[in-house]
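K.L.:
what would the 3D arrangement of this be:
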Amino acid sequence: MAGPENSSSAPERRSSLSRERRGAFRCALVLASADRLSPVRVLIATCTVDYSGRLSAHLDLAKRVIMVKSDGSVLIHSDGGSYKPLNWMNAPCTVTTQLLEEGEEMDGVTEVWTVQAAKTDDRLVIRIFDVVADVAEDLGVDPGLVKDGVETHLQELLAEQVPQILGDGWELVRREFPTPVGPVDLMVTDPSGANVAIEVKRRGGIDGVDQLTRYLSLLDRDPFIKDLRGIFAAQEISKQARILAEDRGIRCLILDYDAMRGFDDPESRLF
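P.N.:
Numbering: from 1, shown residues only. Model (predicted):
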């Protein structure tokens, strides 16, 4: 009788441990999605990932890196593919753990995370099996990217020449307008008084569009900022970045650095 009794109690112990872990994960994940100052969390674990939304995608069981950033965004990386994640969910989103379905625990699943976008039907379901490492660390306030001389000068020149470049009625609000994840280069207003955030790059790529998208998402939550739009300004903008920006409702603006430097150059005047 001892054998069967022990075998029946083992699942009970596993179930109890699973419930405890679910509670711990749930608490940590809710904090990660609700508080931008919460620690960044990085897991190395075997997992499967299912995405549903505008399309559907599935990642089979494999060992991956799962990152929950302090702004709430979630990224799944493999040991390949350069810097790009295999799948991700931008903030704002919520991350919750779900009760295991019948048979999942027997299959080795220890956690099921559901990552739900706040404004769309996009969803990630991450089934976690073996956890190799689980680290949480508060990275503090990042000083931001130090721009090279040309990029900084472009920002300065655009700030000085807002109406000349963007048109009559456009006005500068301020440079380095603060957001919770770093300052956006310029905040201006258009002739109707609507706010426009501008990110300036020397060479505009997808990373820059993503950066501006994060700024816009956070600024859009500010009740004092109305009718917010974005402009992605650069000396050159890649085709992929332009397509992504236009898809997100962001205007692209090509900056002529030489013309901007000579805009008020006395030596270039005829009189």
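
K.L.:
residue 109 - that's part of a helix, no?
P.N.:
No - counting by DSSP: H, G, I helix; E, B strand; the rest coil, residue 109 is not found in a helix; it is coil.

K.L.:
tell me how far it lies from residue 154.
P.N.:
Residue 109 sits at a distance of 51 Å from residue 154 (criterion: C-beta to C-beta, to the nearest Å). To be clear about C-beta, it is placed using only N, CA and C from the backbone, and glycine gets the same treatment.

K.L.:
okay, those two: which has more neighbours?
P.N.:
Higher neighbour count among residue 109 and residue 154: residue 154, with 22 against 17, using other C-beta atoms under 10 Å.

K.L.:
for my notes, confirm the more buried one occurs in a strand.
P.N.:
No - counting by three-state DSSP, residue 154 falls outside a strand, being helix.

K.L.:
in this structure it contacts residue 235, no?
P.N.:
Yes - counting by C-beta atoms under 8 Å, residue 154 touches residue 235, with 7.2 Å between them.

K.L.:
name the nearest residue to the residue most central in space within the chain, sequence neighbours excluded.
P.N.:
Centroid-nearest residue in the chain: residue 90, 4.4 Å away (criterion: C-alpha atoms, centre = their mean). In space, and not counting its chain neighbours, residue 90 is closest to residue 73: 5.3 Å by C-beta to C-beta, 6 or more residues apart in numbering.

K.L.:
now do the strand or helix carrying residue 187: everything it contacts.
P.N.:
Assigned by DSSP states H and E, residue 187 belongs to strand 184-189. The contact list for strand 184-189, computed with C-beta atoms under 8 Å, 6 or more residues apart in numbering, reads 155, 158-159, 162, 166, 170-177, 195-200, 212, 215, 219.

K.L.:
that strand pairs with which strands, parallel or anti?
P.N.:
Looking at strand 184-189 with DSSP bridges, its partner strands are strand 171-177 (antiparallel), strand 195-204 (antiparallel).

K.L.:
buried stuff in the strand or helix carrying residue 60?
P.N.:
Per DSSP H and E: residue 60 is located in strand 56-68. When burial is assessed from 16 or more other C-beta atoms under 10 Å, strand 56-68 yields the following buried residues: 59, 64-68.

K.L.:
which residues of the protein fall in helices?
P.N.:
2-34, 149-160, 162-166, 206-219, 239-247, 257-261 (DSSP state H).

K.L.:
restrict the strand holding residue 187 to CA atoms and write it as PDB.
P.N.:
C-alpha atoms of strand 184-189 as PDB (Å, rounded to 0.1, in the frame of the first residue of the first chain):
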ATOM      1  CA  VAL A 184      12.100  62.700 -27.800                       C
ATOM      2  CA  ASP A 185      14.300  65.100 -29.800                       C
ATOM      3  CA  LEU A 186      11.700  67.800 -30.500                       C
ATOM      4  CA  MET A 187       8.100  68.600 -29.600                       C
ATOM      5  CA  VAL A 188       6.400  71.100 -31.900                       C
ATOM      6  CA  THR A 189       2.900  72.300 -32.700                       C
END
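
K.L.:
re earlier: and the strand holding residue 60, how far out from the chain middle?
P.N.:
Chain-centre distance of strand 56-68: 17 Å, with C-alpha atoms, centre = their mean, to the nearest Å.

K.L.:
start the count at 19 instead of 1 going forward.
P.N.:
All set: I'll call the first residue 19, so the last point we hit is now strand 74-86.

K.L.:
now the residue nearest to residue 108: how far from residue 84?
P.N.:
Per C-beta to C-beta, residue 91 is found 12 Å from residue 84.
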